[in-house]
Each structure stands twice: as C-alpha cells, then as structure tokens.
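> give the three-dimensional model of this entry:
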Amino acid sequence: MANKTVFALATVMLVLSFLVSHFERFFFTLNFLESLIYLAILLLLFYGLEEWAYAVGIAAPVFWMALAWAGGLLGGSLGEFARTVSGGGVQSPTRFLGILVFVGAVLLFLACAHAFRRDVWGTQGALRVLLGGVLAVGLYYALLTYIYLNMARPTGDIPAS
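Modelled structure (predicted):
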C-alpha cells in the first residue's frame, strides 16, 4: 500500500504549485510545468511504483528549492511570510504561496526519505532506483531551467540613448 502521507503531501504540492502558476502570469508555463512533477509522483503511487515515487519525491523538492533560491522566490517569500505573520497582511500572493510550497517541499522530502529508507532501502536495486529518480528529476529541472532562462532573456532591440 502506498504511503498516504506521501500521497497527501504530493497532492498539496501539486495544488500549491498550480496556484502559484495562476498568480504569476509571466512565468505561468514554468510554474505549471513545475507542478507536473507532483502529478508524476501521484501517478507512480497509483500504479504501484512506490519506490520510484519515493525517489522522485526525495529529489523533486531539493531541485525545486535550488531553482526557487536561484530565482529569488525563497528570499522574498521569507520576508512576505514574516510580514503576514506580524499582521501586515499579504502583499504578494506569489511569495506567500512560495513559503507554503517551501514548507510542503521540506515535508514531502522528509516523508519520502523516511518511506524510502523504511520500505525500499536494503532491497536489491534500491540504489539504482534512487539514482534513477534523481537523474530523471535532474533532467526535468534542467529542462525547466532552460525554459526559465529563455523566458527571462530580453528579446528585441534595445534602443540607443
């Protein structure tokens, strides 16, 4: 039986990532594609490939945090969260959701690491599954980074002053 905690956290991450895509219109495509990795985890769990779901669930949050940190989302999210908690209200829904996604990512990482260690580690092929999951997620996030860099690149001519 699939780990219900991992399933619930992957669902929460899917919904939160999808919500972020609707608040950040310029990077809608990127955020939407980021949310699909959590759908992949849900599908892997549904089809009984728990060991692969756990491996992807370990790697995806780490890669998301690296991409969010490099893109500046995490730094601004921490400030937004502190302002909201102190009663200042939500100024940027994207940054507020960013901190919720960060918390969900940490929880998903911990739940998947615990389930992988408990159910998969020590079995034949466990290291192959873990490295395969990390490689698949790494390639996916490399593609997302390429898309991000192409979206952020200025286009057109810059007028001379």
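
> which parts of the chain are helices?
4-23, 28-46, 50-71, 73-85, 93-119, 126-152 (DSSP state H).

> deepest in the core, which of the ones you listed is it.
helix 50-71 (a mean of 22; mean count of other C-beta atoms under 10 Å). Glycine gets a C-beta too; all of them are placed from N, C-alpha and C.

> so where's this protein shaky on pLDDT?
1-2, 71-86, 88-92, 156-161 (pLDDT under 70).

> show me the residue sitting in the middle of it in space.
Against the mean C-alpha coordinate of the chain, by C-alpha atoms, centre = their mean, the closest residue is residue 64 at 4.2 Å.

> the residue lying closest to that one once chain neighbours are set aside and residue 97, how far apart?
Of all residues not flanking residue 64 in the chain, residue 105 sits nearest, at 5.6 Å (C-beta to C-beta, 6 or more residues apart in numbering). Separation of residue 105 from residue 97 (C-beta to C-beta, to the nearest Å) stands at 12 Å.

> same check, this time on residue 113
24 Å.

> cool, and residue 13?
Distance from residue 13 to residue 97, by C-beta to C-beta: 11 Å.

> contact partners for the residue nearest to residue 101 when sequence neighbours are not counted?
Nearest residue to residue 101 in three dimensions, chain neighbours excluded: residue 16, at 4.8 Å (C-beta to C-beta, 6+ apart). Going by C-beta atoms under 8 Å, 6 or more residues apart in numbering, residue 16 touches 97, 100, 101, 104.

> how about residue 93, what does it touch?
residue 23.

> run the last query once more with 10 Å
Applying C-beta atoms under 10 Å, 6 or more residues apart in numbering, we find residue 93 in contact with 19, 20, 22, 23, 24, 80.

> same question, residue 19
So residue 19 contacts 31, 35, 93, 94, 97, 100, 101 (C-beta under 10 Å, 6+ apart).
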